[in-house]
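> Here is my input, please return the structure:
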Amino acid sequence: MIIGVLKEPSFESRVSLLPEAVAALTKKGHELWVEKGAGALSFSTDEQYRQAGASLMDRDQVLKAKVILAMHAPAGGSLTPGTVLIGIFQPLYQFRLIQEWAAAGLTVFSMDMLPRTTRAQSMDVLSSQANIAGYKAVLLAANTYSRYLPMFMTAAGSIAPAKFLILGAGVAGLQAIATARRLGAVVEVFDTRPAVKEEVMSLGAKFIEVEGAADASSAGGYAVEQDAAFQAKQQQRIAESITRADIVITTAQIPGKPAPKLITNAMVNSMRPGSVIVDLAASTGGNTSLTKDNEVLVHDGVTIIGNSNLSAGMPSDASKLYGKNLQNFLQLITGKDAVLDLNWEDDLVKGTCICYDREIINDRVKALTT
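Presented below is the predicted three-dimensional model:
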């Protein structure tokens, strides 16, 4: 099977496959076509791809491959009907584009729609990238913050440790907790899912409990919408904690809907000058009322960083993990002799596929387009 790897847009430093992943797929009998310069921002040269067994081509040539790997929706050039497109396409937000792809006869797999089951863990791109985002969020906050993170006792006096508040204890939140604790900070954590309390506490953080949350056990690890009574209690507890916080990292998102507004302007105003907020939900509206996607702003001395693409700040390892996720998924959809073999009885194949045979087949996306 011919697999094409596209160069990503200028804002993206990651690539779908590093040379090591190309070599592994080549050994399995696949033919790899890589767009020239695709790995440059991930510190992988065209020569390294050649040595791994890939053919380096112009974009128009790569687009003729049977399977196209691209993290973001490809721009420029045209795809022929029957082409299989695999990436992170956010179909719950980009459903108009999905309609166009379905009409064009493309088979589209969006890895962010992969069912989050135990069997899917090795293919879970959201988790692999969120882990990096949580780590980078703490480093970015520490670099922006005007004080130390750990406690220091010096001849000139003592420095109190920084206080973190992390909203959301998913993969990104848990990594943020671990990283902040390693750097010596004091950490409080809020999450609507009581089930994560034990994991939060095992990392050395304090868990803020609010009773009455809606059951999120069937939401695949995501937050779910809460009723008005819970939201009121939630806001009160967050307001109490945020006045003590020096750094806040927010990660809460609800698939297919705007990010919940957890931090009001009044809460931001209650923080002391020099405090920092890193909002990882910026691309879906942000968890604060002031967040601007891909922007850094200062409100009454509080720096608010809106960045949902922090994993791209570590392009080498982010690409390595993403590529391994794709290798495992490609193994799922290819049979003997490295040919495409789509088993629609497999819940991972069916759940990840968005459109096939000129129809949108994912129920959640279909509901948005009718």
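
> Quick check on the residue in the chain sticking out farthest from the centre: phi, psi?
In the chain, counting by C-alpha atoms, centre = their mean, residue 155 sits farthest out from the average C-alpha position, at 43.7 Å. The phi/psi pair for residue 155 (degrees, to the nearest 10) reads phi -60, psi -20.

> SS state for residue 283?
The three-state label given to residue 283 by DSSP: H, G, I helix; E, B strand; the rest coil is helix.

> element containing the closest residue to it other than its chain neighbours?
Closest residue to residue 283 apart from its sequence neighbours, by C-beta to C-beta, 6 or more residues apart in numbering: residue 308 at 3.7 Å. From N, CA and C alone the C-beta is placed, and that goes for glycine too. For residue 308, there is no helix or strand it lies in under DSSP states H and E.

> Local confidence estimate at the residue farthest from the centre of the chain?
At residue 155, the model reports a pLDDT of 87.

> Now that we're looking at the residue lying closest to residue 70 once chain neighbours are set aside, what pLDDT does it have?
Spatial nearest neighbour of residue 70, excluding adjacent residues (C-beta to C-beta, 6+ apart): residue 6 at 4.2 Å. You'll see residue 6 listed with a pLDDT of 98.

> Please report how far residue 6 lies from residue 355.
Counting by C-beta to C-beta, to the nearest Å, the gap from residue 6 to residue 355 is 19 Å.

> Next, count neighbours for the residue nearest to residue 70.
26 (other C-beta atoms under 10 Å).

> so it sits right up against residue 60, yeah?
No: with contact defined as C-beta atoms under 8 Å, residue 6 does not count as touching residue 60 (11.1 Å).

> ok, the residue nearest to residue 70 - contacts?
16, 35, 38, 59, 62-63, 68-70, 74 (C-beta atoms under 8 Å, 6 or more residues apart in numbering).

> Output those in CSV, with neighbour count and pLDDT appended to each entry.
Formatted as CSV, these follow (neighbours: other C-beta atoms under 10 Å; pLDDT from 0 to 100):
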residue, neighbour count, pLDDT
16, 28, 98
35, 24, 98
38, 26, 98
59, 17, 96
62, 27, 97
63, 21, 96
68, 24, 98
69, 25, 98
70, 25, 96
74, 22, 93
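
> Listing request: residues of the stretch 101-250 of the chain with sub-threshold pLDDT.
Along the stretch 101-250 of the chain, segments meeting pLDDT under 70 span 212-226.

> Near the residue nearest to residue 261 when sequence neighbours are not counted, how many other residues are there?
Leaving aside its sequence neighbours, residue 261 sits nearest to residue 289 (C-beta to C-beta, 6+ apart; 5.8 Å). Residues contacting residue 289 under the criterion other C-beta under 10 Å number 16.
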